[in-house]
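J.: can you look at this prediction? I've put the sequence above it.
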Amino acid sequence: MKDKTTIIGQIIGVMRDHWDLPADCNEGELFAYAEILFDRMSAGEDLEELCSYLADVQVEKLEMPPSESYREIVSGSIALVRNSG
């Protein structure tokens, strides 16, 4: 399996591809959200739990408008983790 930090960096890339991040979102904040997503995937949380977490991040933490972008991020992140092994 690839190094955890490398995979988290790739998850951040997926987030950047699907979200128009606010100007005040810093790299550390985004890393923390990606790391939590990675840890939750590694713990075996189901798809809806992961989507619920990321939807909350999108709307509540990053204060972005609601959209389905989080679903694409979760799907892309799951694929990254599966292919890292």
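T.: Cool, the structure landed.
J.: what helix or strand does the spatially most central residue of the chain sit in?
T.: Closest residue to the average C-alpha location of the chain: Ala34 at 4.4 Å, with Cα atoms, centre = their mean. Element membership for Ala34, per DSSP states H and E: helix 27-42.
J.: can you tell me what sits against that helix?
T.: Outside helix 27-42, the residues that touch it by Cβ atoms under 8 Å, 6 or more residues apart in numbering are 4, 7-9, 11-12, 15-16, 21, 49-50, 53-54, 57, 61, 74, 77-78, 81. Quick note: C-beta positions are derived from backbone N, CA and C, even for glycine.
J.: quick one: low-confidence ranges for this structure?
T.: 1 (pLDDT under 70).
J.: residue ranges for the strands of it, please.
T.: All residues of the chain lie outside strands when identified by DSSP state E.
J.: distance from stretch 54-68 to the middle of the chain?
T.: Offset of stretch 54-68 from its chain centre (Cα atoms, centre = their mean, to the nearest Å): 11 Å.
J.: start and end of that stretch, how far apart?
T.: End-to-end distance for stretch 54-68: 10 Å, by Cα to Cα, to the nearest Å.
J.: fine by me, we can end here.
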